[in-house]
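Visitor: Pasting the sequence and the predicted model now:
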Amino acid sequence: QVQLVESGGGLVEAGGSLRLSCAVSGSISSLNAMAWYRQAPGKQRELVASITSGGRINFPDSVKGRFTISRDGAKNTVYLQMNSLKPEDTAVYYCNAKIVPLTQLYEYTYWGQGTQVTVSS
């Protein structure tokens, strides 16, 4: 069974940094686009960063210049490096991946369980 396993959240002071990781477990044929989303209390889930299998990256203006996304194809892992964190970055962060499982013909969207990031002022 394919799963996304996240790690790296926690509590940090404003201006600090955190690195989130998301690893794909299970047997897969293809790992396509990967992304990070976040959801703060009372708000809709929003895209934080995305990266295609070819390495094309997209960020919203709210995190440009502060967050970077990268992926390790050999490890089927995506990373989110968050620098200069602000209290408004506080949210649950979710990993998202488009995957073709080994026993399937089509791509499916998978979500991680979420990891809490709290930035204190």
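Guide: Good, I have the coordinates.
Visitor: which one is residue 67 nearest to, not counting chain neighbours?
Guide: Nearest non-adjacent residue to residue 67, counting by CB to CB, 6 or more residues apart in numbering: residue 82, 5.1 Å away. Yep, even glycine has a C-beta here, placed from its N, CA and C like the rest.
Visitor: Residue 11: neighbouring residues, count only.
Guide: The number of residues packed around residue 11, counting by other CB atoms under 10 Å, is 12.
Visitor: per-residue confidence for the closest residue to it other than its chain neighbours?
Guide: Counting by CB to CB, 6+ apart, residue 118 is the residue found nearest to residue 11 once chain neighbours are left out, at 4.7 Å. Residue 118 is assigned 98 on the pLDDT scale.
Visitor: Does anything pack onto whichever strand or helix holds residue 118? Which helices or strands?
Guide: Secondary structure from DSSP states H and E places residue 118 in strand 115-120. When contacts are defined as 3 or more CB pairs under 8 Å, 6 or more residues apart in numbering; DSSP states H and E, strand 115-120 sits against strand 10-13, strand 18-25, strand 91-101.
Visitor: of those strands, which approaches residue 65 most closely?
Guide: Of all those, strand 18-25 sits nearest to residue 65, with 16.2 Å by CB to CB.
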